[in-house]
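In: I would like the atomic coordinates for the input below:
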Amino acid sequence: MITCPNCDHENPDGAVQCEACFTPLPRLVKCGSCGLPLLSSATFCGECGAPNTFYGSMTSVAETSPPPPPMSNLPEESSTPPPPPPMSNLPEESSTPPPPPPKPAVSPATQLQTQTASLLHVQTNTTLEMPQGLEIIHIGKPNEQIPPDLDVSGLPDADVVSRIHADIRNEAGIFYIEDVGSSNGTYINYNALSPGNRHRLHPGDRISLGKGDLVTFIFQLS
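Out: Down below sits the predicted model:
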C-alpha cells in the first residue's frame, strides 16, 4: 500500500495518484546500496540507512505538465450571431407602386360648325329656313307626286311657281340649285337657269321662281 503524503489515504501498490485527492504518489524504487525497495520520497533506506539517490527526483504530474493558459487569455467563442446592421443603413423598399406617368393633354375636339341655309323672301321680307339633314330640298307647292320641303303656296304671286319647281342640293355643306322642269323657269341673278343644269349658290345670290321676278329670294348662310 502507498500512503498519500497529502491526505494519508492508503492507495494500492502501483497507483500513480491518490484516489481521494488526486495528489501524485511516490513510486517504489530500489535502494542503490542494498537493492531493497523503498519509496522514492524516502530520504534514507530503512534497511541499510544509505541515502536514497532517487529522493527529490520525482516530480508530480502537475509540476512536469505546463499549466494551462489562464481562461482570461483565451479568445471566447460566442454562438450568438452578430446583430444585424441598423435598419437606418439598409435601403428601404416601398410596396407602393410608382405613380403612373401623366397623361398627355388632349385638346378638345374641334366642333364642326354646321351652316344653316335660308331663303329671304324679298317681297315680304320673310325668312324661310331650309330643313336640315336633307340632301335634296324640294321647292314648290303641294302635289301628290313630290310634296315640297319648302312650300311657297302661301306667298304673294305664287301662281307663277310650279308645283314641282326646283331642287336645292346640299353636298357636304355646298349648296346647288337646279330647275326640275318648271313651267315659268328659274332665274339666278336675273339669268335663266337651263333645266338639267345646276348652279352653285353663294350667299347673296338672287333666286327668282317664275317670270317677272315676282317670287324672289336671297340665298343666305349663317
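In: any idea where the helices of this structure begin and end?
Out: Counting by DSSP state H, the segments of the chain that form helices are 61-64.
In: got the domain boundaries for it?
Out: In the domain annotation for the chain, the residue ranges read 1-65, 117-221 (automatic domain parsing).
In: Quote the end-to-end distance of the longest one.
Out: Meaning domain 117-221. In terms of C-alpha to C-alpha, to the nearest Å, the two terminal residues of domain 117-221 are separated by 5 Å.
In: what pLDDT, on average, does it get?
Out: When pLDDT is averaged over domain 117-221, the result is 95.
In: in stretch 199-212, what's buried?
Out: Within stretch 199-212, the residues that qualify as buried are 199, 201, 205, 207-210, counting by 16 or more other C-beta atoms under 10 Å. Bear in mind the C-beta positions are built from the backbone N, C-alpha and C, glycine included.
In: Nearest to residue 24 among those residues?
Out: Using C-beta to C-beta, residue 201 is the member of the buried residues of stretch 199-212 that lies nearest residue 24, at 139.9 Å.
In: Of the domains of the chain, which is nearest residue 97?
Out: domain 117-221 (49.4 Å).
In: of all the buried residues of stretch 199-212, which two lie farthest apart?
Out: 201 and 210 (18.3 Å).
In: hang on, the earlier thing: looking at the buried residues of stretch 199-212, which is nearest residue 141?
Out: Within the buried residues of stretch 199-212, the smallest distance to residue 141 is 10.3 Å, found for residue 209 (C-beta to C-beta).
In: Residue 215 is in contact with that closest one, correct?
Out: Yes: taking C-beta atoms under 8 Å as the contact criterion, residue 209 and residue 215 are neighbours in contact, 4.5 Å apart.
In: Need the residues touching each of those two.
Out: Common neighbours of residue 209 and residue 215 (criterion: C-beta atoms under 8 Å, 6 or more residues apart in numbering): 152, 160-161.
In: State which strand of the chain is the longest.
Out: Across the chain, the longest stretch assigned as strand under DSSP state E is strand 164-171.
In: Could you list the buried residues of that one?
Out: Burial within strand 164-171, assessed by neighbour count using 16+ other C-beta under 10 Å, is assigned to 164-170.
In: follow-up on the earlier one: wait, which of the buried residues of stretch 199-212 is closest to residue 12?
Out: For the buried residues of stretch 199-212, the closest approach to residue 12 (C-beta to C-beta) belongs to residue 201, at 146.2 Å.
In: list the contacts for that closest one?
Out: 117, 168, 175-177, 207, 219.
In: ok, of those, which come out buried?
Out: Neighbour-count burial (16+ other C-beta under 10 Å) is assigned, among the contacts of residue 201, to 117, 168, 175, 177, 207, 219.
In: can I get the residues you listed in TSV with distance to residue 144?
Out: Output for the buried ones among the contacts of residue 201, formatted as TSV (distance: C-beta to C-beta, whole Å):
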residue	distance to residue 144
117	27
168	22
175	27
177	24
207	25
219	29
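In: Of the residues you listed, which belong to strands?
Out: Checked against DSSP E, the buried ones among the contacts of residue 201 include these in strands: 117, 168, 175, 177, 207, 219.
In: nearest to residue 156, of these?
Out: Comparing those against residue 156 with C-beta to C-beta places residue 207 closest, at 16.0 Å.
In: if I look at the residue lying closest to the closest one once chain neighbours are set aside, how far off is residue 17?
Out: Distances taken as C-beta to C-beta, 6 or more residues apart in numbering place residue 217 nearest to residue 207, at 4.5 Å, with adjacent residues excluded. Taking C-beta to C-beta, to the nearest Å as the measure, residue 217 falls 145 Å from residue 17.
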